[in-house]
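1. coords below, sequence missing:
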């Protein structure tokens, strides 16, 4: 908000490099999830007292959920299906095109081994008035550090994560989220990242990851 | 998963003490948001290939969002409305009854000054196969530490947060989330918390908060 427009624009330039999130599907599920994101934001934007008939809206949404539920796979089968294939996931709460919790953040791999993405967050991600929830910044950074490990070297599970909040992170403006693996010693992987707004660093993250994975369901 | 049933049940006993989240509203908005949560989970559960007509579902959800959008307040007015009143919020992404991103976690204040809540997380919160995303644990804990500050003493904004992941946190079983303020020195507030499953600690958090607040919109 306090940065000059041209500086802000510099940071919203398209990120080049391979896209490190799942490719869109053709069967419409991504479109349905995008519409669900609109519903989540619109409900929060509407709140109460706007005159909308919320009980009627609840009934319409319940009908959608009931219809989907009737066609759902057993949970074990669905978990196995989710984890089939390689690399990036379609269902995580940060980049996943099938997950309406995800803003989604689109991360790209850069030639220097780092990853970067730009995202603008709306009301569902609010913590302090008009600003991003500190826990949401932690969520974005934990995930981005994990993707940076996939891109830059060995990857693993988070063992320790330290976040430093330097200034409030604004809603409604483009945020640049970055991650970069900095060292690998045996099974210990160290990775850093940050969130910037208008060229200024708002949050930094340092992560220690251990080079092991949970088994995939089958 | 590995704990005996009786130990797990001990941890899912209802938490006593004042509820530290907003009271339910009567006008149906909470019901509509609960239905939106069902849609988010059902979309992720369905994925692709279940035979559901996702384009038709997208159209139905877009119609709900369009209808709500037509009645929405200007964003400045909505922000002012959100931040009117005291204490707990209705819109945050952890406990907020108006926010479909929130599981929601219901936190209660205890006589010893700590706060505690029990929550079971489904597919939208997944990181590693069948387990909670590390960033989601960070989100729950950052918020819980903030509520613990409100309950136990002076509160403020997160300056630093360190998370240690001791073992994977399971989906689909009750998690106990706790927070407790441990010291206040001038404007520096130190607060800790953890997430337990079946009586075993999965994640711990240590936070440093600074006793200041962003201005509320008006």
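-> Received it, and whenever you're ready, just let me know what you need. This structure is a prediction, so every number in the text was calculated from the model and none was measured.

2. C-alpha only now, for contacts and for neighbours.
-> OK.

3. if I pick the residue nearest the centre of chain A, what's in contact with it?
-> What sits nearest the mean C-alpha location of chain A, by C-alpha atoms, centre = their mean, is residue A:94, with 1.9 Å. The contact partners of residue A:94, by C-alpha atoms under 8 Å, 6 or more residues apart in numbering or on different chains, come to A:101-105, A:139-140, A:143.

4. ranking the residues you listed by neighbours, who comes first?
-> Tallying neighbours with other C-alpha atoms under 10 Å in any protein chain shown puts residue A:101 at the head of those, with 28 neighbours.

5. What segments of chain A are helices?
-> Ranges of helices within chain A are A:5-11, A:29-46, A:54-70, A:75-82, A:134-152, based on DSSP state H.

6. Quickly, which of these bottoms out on average pLDDT?
-> By mean pLDDT, the lowest-scoring of those turns out to be helix A:5-11, with a mean of 37.

7. pretty sure residue A:171 is in contact with residue A:119, am I right?
-> No - with contact taken as C-alpha atoms under 8 Å, residue A:171 and residue A:119 are classed as non-touching, separated by 10.0 Å.

8. Which of the two has more residues huddled nearby?
-> In this view residue A:171 and residue A:119 are compared by other C-alpha under 10 Å, and residue A:171 has more residues nearby, 24 against 18.

9. measure the more buried one to chain B for me?
-> When C-alpha to the nearest C-alpha, to the nearest Å is the yardstick, residue A:171 and chain B sit 12 Å from each other.

10. And for residue A:211?
-> Where chain B is concerned, residue A:211 sits at a distance of 13 Å (C-alpha to the nearest C-alpha).

11. same question, residue A:168
-> As defined by C-alpha to the nearest C-alpha, residue A:168 lies at a distance of 9 Å from chain B.

12. Provide a list of residues in contact with that residue.
-> With contacts defined as C-alpha under 8 Å, 6+ apart, the neighbours of residue A:168 are A:131-132, A:202.

13. What about the residues you listed, which one has the most neighbours?
-> Counting by other C-alpha under 10 Å, residue A:132 has the largest number of neighbours within those, with 21 neighbours.

14. my guess is it meets residue A:170, correct?
-> Yes - the pair residue A:132 / residue A:170 is scored as a contact, 5.8 Å apart, by C-alpha under 8 Å.

15. Now the residue of chain A positioned farthest from its centre: closest residue in space, sequence neighbours ignored.
-> Taking C-alpha atoms, centre = their mean, the residue of chain A most remote from its mean C-alpha position is residue A:51, at 32.6 Å. Once flanking residues are discounted, residue A:51 sits nearest to residue B:71: 7.3 Å by C-alpha to C-alpha, 6 or more residues apart in numbering or on different chains.

16. Any figure for the gap between the one you found and residue B:41?
-> Computed with C-alpha to C-alpha, to the nearest Å, the distance linking residue B:71 and residue B:41 is 26 Å.

17. do the same with residue A:69
-> As defined by C-alpha to C-alpha, residue A:69 lies at a distance of 9 Å from residue B:41.

18. check contacts around residue A:207.
-> Contacts of residue A:207 were listed using C-alpha under 8 Å, 6+ apart, and they are A:142, A:145, A:158-162, A:190-192.

19. Report pLDDT for it.
-> Model confidence at residue A:207, expressed as pLDDT, equals 98.

20. Okay, and the beta partners of it?
-> Legend: beta-bridge partners of residue A:207 under DSSP bridges are residue A:161, residue A:191.

21. What of residue A:157?
-> Assessed by DSSP bridges, residue A:157 has beta-bridge partners residue A:210.

22. Can you name the residues that contact it?
-> A:146, A:209-213.

23. Return a ChimeraX selection command for the buried portion of those.
-> A single ChimeraX command is used to select the members of these judged buried by 16 or more other C-alpha atoms under 10 Å in any protein chain shown:
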select /A:146,209,210,211
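
24. Out of the contacts of residue A:157, the closest to chain B would be?
-> Nearest to chain B among those: residue A:213, at 7.9 Å, using C-alpha to the nearest C-alpha.
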